[in-house]
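Novice: Pasting the sequence and the predicted coordinates here, then a few questions.
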Amino acid sequence: MRVAMVAALCSLVVGCAADPGPDVIEAPAHRTPDEVEQEWARRPYGDDSPCAVYGEPRQLDRVPVVYGLLGYNPGYLDARRRRFPNANTSYAGGCVTTPHSPQEKAVYYCPECREAERRWVERHPSKQPPSAEPLP
């Protein structure tokens, strides 16, 4: 019985180790973690299709990657979804960083969306520092 349990456990562990799943990115042995992270940063977010809101062709840019739990001005997320979905003035990098975490990300953006976002932010100034703003 004990041998059967050990054999079953080993096959489970080996099976899991053999197929990490589609969400796991593994660096090949010949590439460093820094090279993998930098390749990710160069791969553009979005695509170059026309903006669904303004019909403008999207352009390529490099924007800052922002790490941590992000807070937004009240109403910003709704306005972004409806009025400037392709502004892409920054990229949310998540809460976990490494020494290799990129500081910039390539993105496609719509110039009209960026202008609409600029106008919205100008009309809705934050009353708190960004890190202290309440989450929606």
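Specialist: Structure received.

Novice: Which positions in the helix or strand hosting residue 36 come out as buried?
Specialist: According to DSSP states H and E, residue 36 maps onto helix 33-42. For helix 33-42, a neighbour-count test (16 or more other C-beta atoms under 10 Å) marks 37, 40, 41 as buried. Glycine gets a C-beta too; all of them are placed from N, C-alpha and C.

Novice: Contacts only, for residue 76.
Specialist: 120, 124 (C-beta atoms under 8 Å, 6 or more residues apart in numbering).

Novice: quick one: it from residue 121, how far?
Specialist: Separation of residue 76 from residue 121 (C-beta to C-beta, to the nearest Å): 8 Å.

Novice: Mind giving me the packing neighbours of the longest strand seen in the chain?
Specialist: When the chain is scanned for its longest strand (criterion: DSSP state E), the result is strand 59-67. Identification of packing neighbours for strand 59-67 by 3 or more C-beta pairs under 8 Å, 6 or more residues apart in numbering; DSSP states H and E yields strand 91-94, strand 104-109.

Novice: Same list, those strands, but as JSON lines with mean neighbour count and mean pLDDT please.
Specialist: Output for the helices and strands packed on strand 59-67, formatted as JSON lines (neighbours: other C-beta atoms under 10 Å; pLDDT from 0 to 100):
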{"stretch": "strand 91-94", "mean neighbour count": "16", "mean pLDDT": "92"}
{"stretch": "strand 104-109", "mean neighbour count": "19", "mean pLDDT": "95"}
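
Novice: For those, give me JSON lines that also has distance to residue 61.
Specialist: Rendered in JSON lines, the data for those read as follows (distance: least, C-beta to C-beta, whole Å):
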{"stretch": "strand 91-94", "distance to residue 61": "11"}
{"stretch": "strand 104-109", "distance to residue 61": "6"}
